[in-house]
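>>> A predicted structure for the sequence below; I have some questions about it.
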Amino acid sequence: CLNSGSSWNNCDFETNLCKVLPDFSLQPGWIRRNGHSGMGPPYSDHNGNESAYFLSLSSEMQSSSAALRTNVFLPTDGHLCQIRFYYWVSQMSGTLMVGLQKHSEDTVTNIWRVSGERQNQWNVNTITINSTEEYEV
């Protein structure tokens with residue numbers, strides 16, 4: 001996925017929100033934390049590192065929704081754009097969705113979702129994106 005001329009982005013949240021997510025502060029509900037935060041599981045990242053950072057929804061957000069939006073990605077132009085991410089679902093009621101918004105469209109198209117599966121463990125997913133125009137995820 002190309003954005004700002006870069007061909008590869010790895011986002012681990014160790015120092016900031018990475019080049020993938022905009023620099024402005026997290027939307028309400030999202031917090032950057034690690035396993036030492038005292039907020040309950042998960043107590044480590046997907047590698048088992050207790051001091052490594054990840055993004056989490058605060059407990060006050062259980063009954064509402066919160067979104068993360070990437071910076072603008074350039075058209076894929078026949079190249080393969082894959083976004084791999086690790087996620088943790090701890091509640092049956094929660095749904096995690098990934099959407100794609102092309103710049104010519106006003107709506108976000110849901111391209112992946114998970115709800116209440118494989119709880120209380122880290123899971124991994126890879127999404128492949130094709131777009132002939134700029135887009136956000």
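Looks like it arrived, so ask away.
>>> all strands of this protein, in order?
With DSSP state E as the criterion, the chain has strands at 30-34, 53-57, 81-88, 95-102, 109-115, 122-129, 135-136.
>>> mind listing what's buried in the third one?
By that I understand strand 81-88. 81, 83, 88 (16 or more other C-beta atoms under 10 Å). Where you see a C-beta, it was placed from the backbone N, CA and C, and this is true even at glycine.
>>> what about the closest residue to the second one other than its chain neighbours, neighbour count?
In other words, Ile83. Using C-beta to C-beta, 6 or more residues apart in numbering and skipping residues adjacent in sequence, the residue nearest Ile83 is Ile127, 4.9 Å away. By the measure other C-beta atoms under 10 Å, the count of residues near Ile127 is 14.
>>> from what I can see Ile127 touches Trp112, true?
Yes - Ile127 is within contact range of Trp112, at 5.6 Å (criterion: C-beta atoms under 8 Å).
>>> which one in the protein is furthest away from the centre?
Gly78 (23.9 Å; C-alpha atoms, centre = their mean).
>>> Compute the first-to-last residue distance for stretch 65-79.
33 Å (C-alpha to C-alpha, to the nearest Å).
>>> pLDDT on that stretch, on average?
Stretch 65-79 shows a mean pLDDT of 83.
>>> now that stretch, how far from the centre of its chain.
Stretch 65-79 sits 11 Å away from the centroid of its parent chain (C-alpha atoms, centre = their mean, to the nearest Å).
>>> What are the buried residues along it?
Buried, per 16+ other C-beta under 10 Å, within stretch 65-79: 70, 73-76.
>>> Arg84 bridge partners, please.
Taking DSSP bridges as the rule, Arg84 bridges to Thr126.
>>> That one touches Ile129, doesn't it?
No - between Arg84 and Ile129 there is no contact under C-beta under 8 Å: 11.8 Å.
>>> hang on, the earlier thing: looking at the strands of the chain, which one is packed in the most?
strand 135-136 (a mean of 20; mean count of other C-beta atoms under 10 Å).
>>> outside of it, which residues touch it?
Where contact means C-beta atoms under 8 Å, 6 or more residues apart in numbering, the residues beyond strand 135-136 that reach it are 69-73, 75, 100-103, 129.
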